[in-house]
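[1] Show me how the following folds:
(chains A and B)
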Amino acid sequence: MPREQPWGSLSARTGPGARSKHRAKGHRVVLDVSKQAVEAARAAGADFADARAVADRSESLTVRNQEMEGIDREGSEGLGVRVLVKGRWGFAATGRLAEAEVVRTARLAVEIAKAAARLPGQPVKLSPVEPVVASWHGPMKEDPFNVPLEEKVALLVEASRRMQRVKGLAFAESSLDFYRRSTSFASSEGAEIEQTVVHSGGGIEATAVGDGELQRRSFPNSFRGHIKAAGYEHIRTLGLVEEAERTATEAVELLSVRECPSEEATLVLDSGQMELQIHESVGHPVELDRVLGMEEAYAGSSFLTPADRGKLRYASDLVSITADATLQGGLGSFAFDDEGVPAQRTPVIVDGIFQSFISSRETAPVIGEASNGTMRADGWGALPLIRMTNISIEPREGTLADIIGDTKDGIYMATNQSWSIDDKRVNFQFGCEIAWRIKDGKLTEMYRNPNYTGITTEFWQSCDAVAGREDWVLWGTPNCGKGQPPQTARVGHGAAPARFRNVRVGVR
Amino acid sequence: MPGLIGQDAFERVAKAAIDLPGADGVEVVLIHEWGGLTRFASSEIHQSTWREDTGLRVRVVSAGRIGVAASNDFSEAGARAAAESALEMAGVVSADPYFGGLAPRAPVHATDGFDERTATATPDLRSEGVATLVAQCPPGFTAAGAFETTAVEVAVATTEGQVCWAPVTQASLTTVVTGGEGGAGFAESFARRVEEIDPEAIGRRAEGKARDSQNPRPLEPGIYEVVLEPNAVSTLVGFLAYMGFGGRSIAEGRSCFSGKEGEKVASSNITIYDDALAADTIGVPFDFEGTPRRRVDLVRNGVFLDGVYDLRTATQAGKQTTGHALPAPNPEGPFPLNLYMQTGDASMEELIGSVQRGLLITRFHYSNVVHPVESTITGMTRDGTFLIEDGEVKHPVTNFRFTQSILEALSAVSMVASESELASEFFFSASRVPGLRIDRFQFTGRSDH
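    Got it, this is the predicted structure:
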């Protein structure tokens, strides 16, 4: 597994008492806001409290056919307070950081926790964590918010212009997205943690329309491209302009090729589609809150049970999958989660056998474990939930070209277009942007509207090839939804191309 | 609990942006929202939250060029800073060829969408409701779900003189009851006023369906007659809105309705419209550009009439805005947020009674687009799927995957129920729809539960 160190800049020591030097512009020291909230919650009767003061900033640019479609900046600051009263959670959040509002919000969190006792139930017990005083900045060489807008717009217009050179293309879109999140976390156990992460991403999308068909090709990946925990230096490596013409050409070609045939096939997936396959059929099922029924009514639960640990054959021997928040550049990388638990690397599937869930301080003790540090919230206004960190398949050997060359007859699909999976993460169906027939180790006929369907463990058990590090890519999924009220998380997936046998393709 | 900001206070803050020097036009949108959500699982309250935020979104026009900035700093300084940032962005882009101007001064319908009791609902009130619902579960069954009460205050001001403001409240209670030998049952309720939510009735409905769902049997996928309950219909209507009703996608040939104005696209008993002003939906009487909303008929007696528009897409398509703008910037274009499907004259029992051999579907799960121009989506059934034979519900069946063109399904509707419900969809807002009997619906796979 590619894993570089250091994955960020960390200074830390355990135990309370250290003082932060970070101050939010125009506000009181934000760590002091969190600490004040914790103190107010304790004074109001909380047995445990933690608080996060969060400052979010984002910038998004979209160009279509060389015209600016949307350019906007957003900023949001606020505070979320989480408390336990007699083993029941309460959470309250406010966008106003004045002292009186902070105290009012902390007291409201306590009131909410007390109201939760209206129903009987097992009191929450938290797995222990050493309270840490630390500050951490994620990796970033070139601050994207300091790069002139003119440069960003010029890049997008040029990529769009290159796509429009291709005759028959209807829409040539290019986009950039930048996010900065600064979090100041304090807990009644003495933790004081400040973290800043910057995520940068960009992509292009070519759309051809005609004869009742709409065909799309994206680069480097669909849904706004390739996003990483990095600065603008990541954008400079993407090749958006260089790949524009090829991307547009494929979109136009797709209008005139055949539909992907309906058959049972040997299926080879590129790393972009593997990202979504891992996300939906491994990442979500191994969330321990789902397994315990905590997401039952909305996004659903999981086919896994705690008894499956160390026993269930989830996949073939070739498949090992790891949850790793310490990977450099992942959207799920951090030094501490939103409960103050240190980032960890956890084997989820080892040589095909299911090993571990991803967990929290509340859920891990239920199955006799300690939290492996995966709680994150969608900003200051949301309660932390178990979220994927970087859930990645371990690379094996060879390249995508080797896998295709080793395939006598099959279908190669690339770039995710749609996804659907049932409420226990068993039956799935994915659509891709493009496919080719593999004949005697070579790509031959191109197909449009390819899709495939399967049953999670049957599918993963049919995997008989996983490419090596050369074609392994750490992708970002910027739109992972979960929870009520709905939250969106940015999560990471390292993915390598892989091959699966006897898969039903071309569902219509 | 927080109170309303009110139109006067909004106008004072908005003025700091409206008066920005160097701008040809400015639009300020306020979204002030607060509320609580009490979430339960395994018949225990496990997550209970409350949140308040005040967001300002400022769109600035300079020589036809557009920039947008948003902040939750609701103050004159915050509004001015956002406006200045938007103006800076407008300075580096080219002019928008379809810019349709900012909303002019126009009267907005007064609506009665705000309920003080809902806006001030306490955690105790929600917990009590959850306890009532959970109490309906028989031994061996538990409930999961969420009881939410929210208030939203929306306001828009433009340099063209439009100023509009409206508060609205919403209460919802949804649940899935599970237990026994693996069955599950779903029920929900949405309303403007929390007092209209009946936790006991919702709990009874869900637990009844969970008991009826015990020991589901596998059934071969294929084409079946179906009776869809309102929540399942809301998935079809929501995706039709997403893939089809937006004026921009219609104008650009990306919609399943492109080039089909005046054509028959569904059975004659299908009428779909959007109406934010109706008393039995949860709507704001103007859109996020400040254009007053009105009823817009989209499909009447099976014939597609037209889509929905905002100022930009109306200019692009040579039409008038229908008042369906979303907050700027919005590259996807306008969207209908208050959809209705017109009711028919049959009871749900009559729908089921008319089926020779088919399926009763409670709801769909995690659906997604397969082919947008053909309006084809795929998704799963969940929380109550049953075989109907000779007009009677025979037994529960394990969940199916469907892959189906929505317009083909709506062209095979033989009966429409007389009662409608405000029903949610996983990805979209709620729509008010009745149950349907559809003669042909394609299931392409199945799950193990």
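[2] Show me the strands in the stretch 201-350 of chain B, by range?
    Using DSSP state E, counting those that start in this stretch, the strands of the stretch 201-350 of chain B run over B:222-228, B:272-274, B:296-300, B:303-304, B:339-341.
[3] distance between the shortest one and the chain's centre?
    From the chain centre to the centre of strand B:303-304 is a distance of 22 Å (C-alpha atoms, centre = their mean, to the nearest Å).
[4] And for stretch B:399-412?
    Using C-alpha atoms, centre = their mean, the offset of stretch B:399-412 from its chain centre is 20 Å.
[5] Sort out which residues of it are buried, please.
    Within stretch B:399-412, the residues scored as buried using 16 or more other C-beta atoms under 10 Å in any protein chain shown are B:399-412. (Glycine included, C-beta is placed from N, CA and C.)
[6] Keep only those that also lie close to chain A.
    B:399, B:401, B:403 (C-beta under 8 Å from any C-beta of the partner chain).
[7] Export those to JSON lines and append columns for distance to residue A:54.
    Converted to JSON lines, these look like this (distance: C-beta to C-beta, whole Å):
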{"residue": "B:399", "distance to residue A:54": "39"}
{"residue": "B:401", "distance to residue A:54": "39"}
{"residue": "B:403", "distance to residue A:54": "41"}
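[8] Now, the residues you listed that are in strands?
    B:401, B:403 (DSSP state E).
[9] For the ones next to chain A among the buried residues of stretch B:399-412, could you give me TSV that also reports pLDDT?
    Rendered in TSV, the data for these read as follows (pLDDT from 0 to 100):
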residue	pLDDT
B:399	97
B:401	97
B:403	97
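[10] still on that earlier bit, out of the strands of the stretch 201-350 of chain B, the one nearest chain A is which?
    Counting by C-beta to the nearest C-beta, chain A lies closest to strand B:222-228 out of these; the figure is 12.6 Å.
[11] Give me the contact list for the closest one.
    Under the criterion C-beta atoms under 8 Å, 6 or more residues apart in numbering or on different chains, residues B:236, B:348, B:351-352, B:355-361, B:388, B:435-443 lie in contact with strand B:222-228.
[12] and those residues, which are buried?
    Here, 16+ other C-beta under 10 Å leaves B:236, B:348, B:351-352, B:355, B:358-361, B:388, B:435-439, B:441-443 buried among those.
[13] and among the strands of the stretch 201-350 of chain B, the most buried is which?
    strand B:339-341 (a mean of 25; mean count of other C-beta atoms under 10 Å in any protein chain shown).
[14] Give the closest residue to residue 444 in space, chain neighbours not counted.
    Picked chain A for this. Nearest residue to residue A:444, sequence neighbours excluded (C-beta to C-beta, 6 or more residues apart in numbering or on different chains): residue A:437, at 4.7 Å.
[15] try again with chain B
    Nearest to residue B:444 is residue B:403, by C-beta to C-beta, 6+ apart, at 4.3 Å.
[16] again with residue B:389
    residue B:357 (5.3 Å).
[17] these two touch, right, that neighbour and residue B:388?
    Yes: using C-beta atoms under 8 Å, residue B:357 is in contact with residue B:388, at 7.0 Å.
[18] Could you pull out the buried residues of stretch B:132-143?
    B:132-134, B:136-137, B:141-143.
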